[in-house]
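Trainee: This is a predicted model, with the sequence first.
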Amino acid sequence: MQLELRHLKAVCAIAEAGSVSKAASVLGLAQPALSAQLTRIESALGGCLFERDRRGARPTALGELVLARARVLLPVMSELQQEARRFAGEAETVGRFRIGSTGCPFLTGFVRRLEERFPTALVTTHSSWSADELAGLVAQGRADFVLAGVCGDAAPPRVEGLVWCTVSADPVFVLLPEDHPCARLDEVDLRALADVKWAVTPGDGCFETCFATACARAGFTPAAIYEVDAVSCIELAHSGSAVALCQPMFRQTAGLVAAPIAGAPLMWRHVLGWHARSPVAALADRVVRHAKAAHADVLGRNPRYPAWLARHPRFAPVA
């Protein structure tokens with residue numbers, strides 16, 4: 001493996017955080033992914049960089065050597081890249097991207113694209129079920145962008161100074177056990193699920209009302225709605241205790257099927273927001289393009305979704 005700047009950034013993050021798990025949170029990565037990356041880095045360098053135990057991660061002698069060089073090299077490379085971009089007329093004025101997100105299925109790809117395009121910028125993430133909360137963080141200057149979900153044609157949070165752009169508009173699917181009678185249908189009629197219980201993730205906005213309205217149009221009232229976290233939604237669906245409402249790019253999981261609802265009565269939009277007067281506003285158009293590209297990357301996670309899109313061109317990815 002060739003050592004890259006991002007590897008040195010990861011080593012510095014682990015040293016500064018004092019543990020791999022804390023560094024993973026700062027870097028917006030899963031802890032196992034960062035652990036695996038550290039193993040590859042150590043293999044490339046020929047020895048352990050950290051002593052790891054219950055108390056955290058402490059640099060070894062080799063780790064101290066690598067950190068000393070990295071702390072010299074990273075600022076020099078950052079300065080070189082900034083000077084080169086200024087010379088080319090493409091100077092980047094941002095040293096970090098602080099991203100707030102409400103359970104976005106393409107957040108990982110979005111972060112990866114930002115890191116690749118802006119290799120000297122530190123990209124961090126903050127998660128919340130509330131789009132209003134995250135929009136408030138942007139307005140207060142405590143976050144740079146918010147990637148939020150809104151129901152149907154509903155407006156994103158109305159916060160003074162924030163600019164919003166739609167990244168994607170996707171139908172809502174249902175998550176069923178693979179042996180459910182409706183699991184293999186091309187589309188599931190809501191009326192066939194009139195007697196089931198439902199599971200949804202929390203959020204502000206009108207989604208629950210819109211779902212109840214869709215059920216009323218299908219001729220029934222939902223038996224019960226469990227508002228739970230994403231993991232519990234999956235567990236309830238897997239056990240057959242409830243049908244979960246999910247995004248159509250839900251990753252294939254053993255025993256579960258994400259199936260479209262006939263007539264696509266529910267829609268979920270992902271919107272990206274930033275403050276018009278923030279330092280990152282000049283980069284917003286490029287950041288939006290990266291978000292749209294990250295969305296396109298995950299459309300095939302559920303093999304049924306691209307085929308469904310081909311039959312429903314009005315849901316084509318946002319240009």
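Mentor: Yep, it's here. Numbers count the residues shown, from 1 in each chain.
Trainee: in the chain, which spans are helices?
Mentor: 5-17, 20-27, 31-45, 61-87, 107-117, 131-139, 207-217, 230-239, 284-297, 304-311 (DSSP state H).
Trainee: Just put those in CSV and tack on mean pLDDT, distance to A192 and mean neighbour count.
Mentor: To be clear about C-beta, it is placed using only N, CA and C from the backbone, and glycine gets the same treatment. What follows is the helices of the chain, written out as CSV (pLDDT from 0 to 100; distance: least, CB to CB, whole Å; neighbours: other CB atoms under 10 Å):
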stretch, mean pLDDT, distance to A192, mean neighbour count
helix 5-17, 91, 48, 19
helix 20-27, 86, 42, 20
helix 31-45, 89, 39, 15
helix 61-87, 82, 56, 14
helix 107-117, 93, 33, 19
helix 131-139, 94, 32, 20
helix 207-217, 93, 12, 16
helix 230-239, 93, 16, 17
helix 284-297, 94, 30, 18
helix 304-311, 90, 17, 15
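Trainee: M249 is nearest to which of those?
Mentor: helix 304-311 (5.9 Å; CB to CB).
Trainee: quick one on the thing from earlier: nearest to A264, out of the helices of the chain?
Mentor: Short answer: helix 304-311, nearest of the helices of the chain by CB to CB, at 8.9 Å.
Trainee: Pull the closest one out as CSV, backbone CA atoms only.
Mentor: Taking Å, rounded to 0.1, in the frame of the first residue of the first chain, the C-alpha atoms of helix 304-311 are listed here in CSV:
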residue,chain,number,x,y,z
ARG,A,304,-35.1,-3.3,-7.5
TYR,A,305,-34.7,0.5,-7.4
PRO,A,306,-33.0,1.2,-10.7
ALA,A,307,-35.6,-1.0,-12.5
TRP,A,308,-38.3,0.9,-10.7
LEU,A,309,-36.8,4.2,-11.7
ALA,A,310,-36.8,3.1,-15.4
ARG,A,311,-40.5,2.6,-15.1
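Trainee: Tell me how far it lies from the chain's centre.
Mentor: Distance, stretch centre to chain centre, for helix 304-311: 22 Å (CA atoms, centre = their mean, to the nearest Å).
Trainee: Check which helices and strands that helix is in contact with.
Mentor: Judged by 3 or more CB pairs under 8 Å, 6 or more residues apart in numbering; DSSP states H and E, the packing partners of helix 304-311 are strand 256-260.
Trainee: can I get the CA coordinates of the strand it packs on in CSV?
Mentor: Provided in CSV are the C-alpha atoms of strand 256-260 (Å, rounded to 0.1, in the frame of the first residue of the first chain):
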residue,chain,number,x,y,z
LEU,A,256,-35.4,-8.4,4.2
VAL,A,257,-36.8,-6.9,1.0
ALA,A,258,-37.3,-3.2,0.3
ALA,A,259,-40.3,-3.0,-2.1
PRO,A,260,-42.0,-0.1,-3.8
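Trainee: Tell me the strands beside it, with direction?
Mentor: Using DSSP bridges, the strands paired with strand 256-260 are strand 173-177 (antiparallel).
Trainee: Straight-line length of stretch 118-138, end to end?
Mentor: 20 Å (CA to CA, to the nearest Å).
Trainee: Break this structure down into its structural domains.
Mentor: What automatic domain parsing lists as the domains of the chain is 5-87, 96-169+268-315, 171-267.
Trainee: middle-most residue in this structure, spatially?
Mentor: In the chain, the centroid-proximal residue (CA atoms, centre = their mean) is L107; its distance is 2.1 Å.
Trainee: Tell me the pLDDT of the residue nearest to that one when sequence neighbours are not counted.
Mentor: Once flanking residues are discounted, L107 sits nearest to S101: 5.0 Å by CB to CB, 6 or more residues apart in numbering. Looking at S101, its pLDDT is 96.
Trainee: now S101: how far from L3?
Mentor: The gap separating S101 from L3 is 30 Å, by CB to CB, to the nearest Å.
Trainee: Between the two, point out the one with more neighbours.
Mentor: Neighbour totals were compared for S101 and L3, and S101 leads with 23 against 14 (other CB atoms under 10 Å).
Trainee: Enumerate every residue touching the more buried one.
Mentor: S101 makes contacts with L107, T125, H126, S127, S128, L134, V146, L147, A148, as judged by CB atoms under 8 Å, 6 or more residues apart in numbering.
Trainee: Just to check, the second one is in contact with G28?
Mentor: If I follow you right, that is T125. Yes - counting by CB atoms under 8 Å, G28 is a contact partner of T125 at 4.0 Å.
Trainee: hang on, the earlier thing: can you put the helices of the chain in CSV and add distance to E187?
Mentor: What follows is the helices of the chain, written out as CSV (distance: least, CB to CB, whole Å):
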stretch, distance to E187
helix 5-17, 43
helix 20-27, 39
helix 31-45, 36
helix 61-87, 49
helix 107-117, 28
helix 131-139, 29
helix 207-217, 14
helix 230-239, 18
helix 284-297, 22
helix 304-311, 8
